[in-house]
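Novice: Sharing a model prediction with you, sequence too.
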Amino acid sequence: MPSSQYHLTVLISGNGSNLQALIDACASSALPNTRITHVVSNRKAAFGLERAAKASIPTAYHNLVLYKKKHPQTPEGTLAARTEYDADLSKIILALDPRPDVIVCAGWMHIVTPAFLDPIAQAGIRVINLHPALPGEFAGAGAIERAWEAGNKGDIKRTGVMIHEVIAEVDAGDAIVTEEVELKEGETLDELEERMHKVEHGLIVEGTKRVLEGIKKG
Ligand SMILES: Nc1nc2c(c(=O)[nH]1)N[C@@H](CN(C=O)c1ccc(C(=O)N[C@@H](CCC(=O)O)C(=O)O)cc1)CN2
Ligand SMILES: NCC(=O)N[C@@H]1O[C@H](COP(=O)([O-])[O-])[C@@H](O)[C@H]1O
């Protein structure tokens, strides 16, 4: 990796254990010359905000409820609220100094629209996402539980984790890195989730590293 520094913005919604994996990686040789410059959450109570503050990383809370209150509670109003929310999220990130080279969705439980994706892409910023499933499987929220249920029915023998490019279609972007996780008979959901999270914590660093290695800095 060249000597100049890489900058990450990390989007979160919850505990932030994957954010913590990135924080720890930036402090080690795992992600050299890399700094998380900002963390944005769509949930005020996200513990990941405390993790960021402890690491002296600036944080922001981007609240969708404020946008929903400005629009009628109709399908059209909800779409307008989400579009405005997403457009403002892109403006917030594009106004950051330094701007990120990569935006990492680390448990970011909000489906972004082209109102966010298009201006970010035009700025040459990559958006990647951690998803606890393999390409083409269990897109969306609750993927681990759905895989566990499918395993209990004998439909699948393994699930996995991927880091992928974020496109408008949810969890359908090109995979950057994947890792299979074998399902164990009689395992509880909590036990599977614990194994999956361990894989996530390694893969989010590896996936971010691979994307950064493909970015030429001046
Ligand atoms: N346009 C895209 N947006 C997002 C992607 C993506 O690939 N394309 N990945 C997701 C993350 N994600 C799964 O990895 C995911 C997150 C959230 C949801 C979802 O149903 N969210 C609901 C709200 C849920 C909540 O607030 O509890 C919603 O947005 O209405 C599905 C998939 C990041 N976004
Ligand atoms: N669709 C994305 C998705 O479901 N992501 C899930 O959110 C968790 C966030 O944990 P964290 O806040 O501790 O990093 C991750 O463990 C992952 O399974």
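Specialist: Perfect, I can see it now. Ligands and ions are numbered 1, 2, ... in the order given.

Novice: Over to H110. Which of the three states is it?
Specialist: At H110 the chain is in coil, as set by DSSP: H, G, I helix; E, B strand; the rest coil.

Novice: in this protein, which spans are helices?
Specialist: 17-26, 47-54, 64-69, 75-94, 114-122, 143-152, 189-213 (DSSP state H).

Novice: isn't R195 right next to V181, touching?
Specialist: Yes - between R195 and V181 there is a contact under CB atoms under 8 Å: 6.2 Å. The C-beta positions use only the backbone N, C-alpha and C, and glycine is treated the same way.

Novice: quick one, which of the two is more surrounded?
Specialist: The residue with more neighbours, out of R195 and V181, is V181; 20 against 17, by other CB atoms under 10 Å.

Novice: Quick check: that one vs ligand 2, distance?
Specialist: 11 Å (CB to the nearest ligand atom, to the nearest Å).

Novice: Outside of stretch 197-207 itself, list whatever touches it.
Specialist: The contact list for stretch 197-207, computed with CB atoms under 8 Å, 6 or more residues apart in numbering, reads 17-18, 20-22, 25, 30-31, 104, 106, 128, 130, 132, 160-163, 176-179, 181.

Novice: is ligand 2 contacted by that stretch?
Specialist: Yes - on the criterion CB under 6 Å from any ligand atom, stretch 197-207 is in touch with ligand 2 at 197, 200.

Novice: returning to what we had before: in a markdown table: the helices of the chain, plus mean pLDDT.
Specialist: As requested, the helices of the chain are arranged in a markdown table below (pLDDT from 0 to 100):
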| stretch | mean pLDDT |
| --- | --- |
| helix 17-26 | 98 |
| helix 47-54 | 98 |
| helix 64-69 | 97 |
| helix 75-94 | 98 |
| helix 114-122 | 98 |
| helix 143-152 | 98 |
| helix 189-213 | 98 |
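
Novice: nearest to S41, of these?
Specialist: helix 47-54 (5.4 Å; CB to CB).

Novice: the inter-axis angle of that closest one versus helix 17-26?
Specialist: 20 degrees (axes from the mean of the first three to the mean of the last three CA atoms, to 10 degrees).

Novice: Helix 47-54 packs against which elements?
Specialist: strand 6-12, helix 17-26, strand 34-41, strand 59-61 (3 or more CB pairs under 8 Å, 6 or more residues apart in numbering; DSSP states H and E).

Novice: Name the surrounding residues that touch the third one.
Specialist: The contact list for strand 34-41 (CB under 8 Å, 6+ apart) reads 5-13, 19, 22-23, 25-26, 48-49, 52, 55, 57-62, 89, 92-93, 96, 98, 100, 208, 212.
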